[in-house]
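Enquirer: Everything below, folded, please.
(one chain, ligands or ions: 1)
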Amino acid sequence: EDPEKLAAFEARIDRGEKIEPVDWMPQLYRKQLIRMIEQHAHSEIIGALPEGTWITRAPGFKRKLALIAKVQDEVGHAQLLYSAAETLGKSREAMIDDLITGKSKYSNIFNYPAYTWADACFISWLVDAGAIVNQLANAKGSYGPYCRALERICAEESFHLKYGHHCVIYLATGTARQREMFQEAINRWWTPMMHFFGPADKISTHTQVLMKWKVKMASNDDTRNQFLDMYVPKILELGFTIPDEKLKKNPETGRWDYTEPDWEEFMRVINGDGPCNKERLEVRRIAEERGRWVREALRSSKTAYVTPLA
Ligand code: FAQ
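Expert: Numbers count the residues shown, from 1 in each chain. Here you go, the predicted model:
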């Protein structure tokens, strides 16, 4: 690759400029961005499934309305992100194919079942909280289309977070059984939540290059720490416990000590062998099959819907 072009590209990033689709960029920057944005898009679309199954069973009309809006937002986030990834040259069809065939990854956490309403509340509050910590940081990154998509996503995610917190406070101040249900949800989801931020920095493959080019603005351990800083006090304040005896803020380092979550389980889950991976991909495969006639009709149609300006 042309060293002069590379130096100019890196100088732009150092100055805090945004890189746009028409600009020159190293092949590796393009490849890494496609990988990360595509995985993010898949996570949003698959992430709609565990909560989506709760829409018909959410307690009461208001909760149903809010949950429908949230799930719809998540699918909208996937749309924004697929569009951002397309600016780098990979088609949406190719991305969806790679998701369905298991070639592309998506977030570990959506491969676990949401057994109870409290599990859905855990996702709406704490998984969204984790996603916001990561996305607020990356919205200040170097690739224009991704950053702009993240800004919009973060605005919508803050509504999800408030909704999730409201659901959890309701359970926390409810009956003994409601409190117990949320405690069980914390116990079930804590390990996947710790995994959510990615492997420990010392074993993370891509952090170094992504941080150098300001695609990733904080390391996996940093975002995990920031999440613990912000949310452990809130969980404890509601009278719940966290299933990790070692979890404690270390006054000397200013960082959290915790039991390393089982990284073998993480590897299994992200490589297709978690409790719900097959079911999640099957749902997407069926949706793709059932929607095919619509896409074909649009492609072959000469109506104004397809070419509004023609
Ligand atoms: N799950 O070298 P690193 C959401 C993979 S959105 C699965 O550290 P990197 C909204 C990684 O891909 C949630 N795989 O990777 C919502 C790589 O594999 P590869 C998603 C993971 O990229 C809320 C390998 O491990 N957010 O929740 C995970 O530097 C509620 C080595 O790892 C984003 O995608 C994982 N957790 O850092 C929706 C944000 N972690 O590709 C519904 C954008 C790592 O070599 C309801 N992405 N891997 O085969 C990122 O910030 C980064 O990609 C990380 C991973 C931090 C996720």
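Enquirer: For the ligand, what is the nearest residue in the stretch 1-150 of the chain?
Expert: Gly47 (2.7 Å; Cβ to the nearest ligand atom). Placement of C-beta: from N, CA and C, glycine included.
Enquirer: Check for me that that residue belongs to a helix.
Expert: Yes. Under DSSP: H, G, I helix; E, B strand; the rest coil, Gly47 sits within a helix.
Enquirer: Is the closest residue in space to it that isn't next to it in sequence in a helix, a strand, or coil?
Expert: Residue nearest to Gly47 in three dimensions, not counting chain neighbours: Phe110, with 4.9 Å by Cβ to Cβ, 6 or more residues apart in numbering. Secondary structure, three-state DSSP: Phe110 is helix.
Enquirer: for Phe110, what are its contacts?
Expert: Residues counted as contacts of Phe110 (Cβ atoms under 8 Å, 6 or more residues apart in numbering) are Ser43, Ile46, Gly47, Leu49, Pro50, Cys276, Arg280.
Enquirer: what does the stretch 1-150 of the chain have sitting close to the ligand?
Expert: Neighbours of the ligand within the stretch 1-150 of the chain, by Cβ under 6 Å from any ligand atom: 35-36, 39-40, 43-44, 47, 74, 105, 107-108, 123, 127-128, 131, 134, 138.
Enquirer: can you pull out the helices in the stretch 151-300 of the chain?
Expert: Here the stretch 151-300 of the chain has its helices, by DSSP state H, counting those that start in this stretch, at 176-196, 207-212, 220-237, 263-270, 277-300.
Enquirer: Please enumerate the strands of this structure.
Expert: 248-249, 256-257 (DSSP state E).
Enquirer: What about the residue of the stretch 1-150 of the chain closest to the ligand, how many residues nearby?
Expert: 24 (other Cβ atoms under 10 Å).
Enquirer: isn't it right next to Asn111, touching?
Expert: No. At 10.5 Å, Gly47 does not count as touching Asn111 under the criterion of Cβ atoms under 8 Å.
Enquirer: returning to what we had before: the strands of the chain: which one's closest to the ligand?
Expert: strand 256-257 (17.2 Å).
Enquirer: Who are the packing partners of that closest one?
Expert: Applying 3 or more Cβ pairs under 8 Å, 6 or more residues apart in numbering; DSSP states H and E, we find strand 256-257 packed against helix 220-237, strand 248-249.
Enquirer: Go through the first one and flag the buried ones.
Expert: The neighbour-count criterion (16 or more other Cβ atoms under 10 Å) identifies Asn220, Asp221, Asp222, Thr223, Arg224, Asn225, Gln226, Phe227, Leu228, Tyr231, Val232, Ile235 as the buried residues of helix 220-237.
Enquirer: Out of these, which is nearest to the ligand?
Expert: Closest to the ligand, out of all of these and judged by Cβ to the nearest ligand atom, is Asn220, at 5.1 Å.
Enquirer: and the residue nearest to the closest one when sequence neighbours are not counted, what is it in contact with?
Expert: Nearest non-adjacent residue to Asn220, counting by Cβ to Cβ, 6+ apart: Gly198, 3.7 Å away. Contacts for Gly198 (Cβ under 8 Å, 6+ apart) come out as Ser204, Thr207, Asn220.
Enquirer: Could you list which of the residues you listed also contact the ligand?
Expert: Ser204, Thr207, Asn220.
Enquirer: Quick check: pLDDT value at the last one.
Expert: Looking back up the chat, that one is Asn220. The model reports Asn220 with a pLDDT of 98.
Enquirer: what does the second one give?
Expert: In this prediction, Thr207 carries a pLDDT score of 97.
Enquirer: before we move on, what about the one 4 residues further on?
Expert: Met211 is assigned a predicted lDDT (pLDDT) of 98.
Enquirer: ok, it - how many residues close by?
Expert: Residues near Met211, counting by other Cβ under 10 Å: 16.
Enquirer: cool, and the one 5 residues further on?
Expert: Under the neighbour criterion other Cβ under 10 Å, Lys216 is assigned a count of 24.
Enquirer: Not counting residues beside it along the chain, what's closest to it?
Expert: Leu210 (3.8 Å).
Enquirer: and if you look at Ser43?
Expert: Ser107 (3.8 Å).
Enquirer: next one: Cys121
Expert: Cys167 (4.2 Å).
Enquirer: Stretch 165-179 and the ligand in contact?
Expert: No. On the criterion Cβ under 6 Å from any ligand atom, stretch 165-179 is out of touch with the ligand, staying 13.1 Å away.
Enquirer: Make 11 the starting number, not 1.
Expert: Sure, I'll start counting at 11 from here, so that last one is stretch 175-189.
Enquirer: now that stretch, how far from the chain's geometric center?
Expert: 25 Å (Cα atoms, centre = their mean, to the nearest Å).
Enquirer: And for stretch 57-76?
Expert: 19 Å.
Enquirer: do stretch 225-235 as well
Expert: So, by Cα atoms, centre = their mean, the centroid of stretch 225-235 is 14 Å from its chain's centroid.
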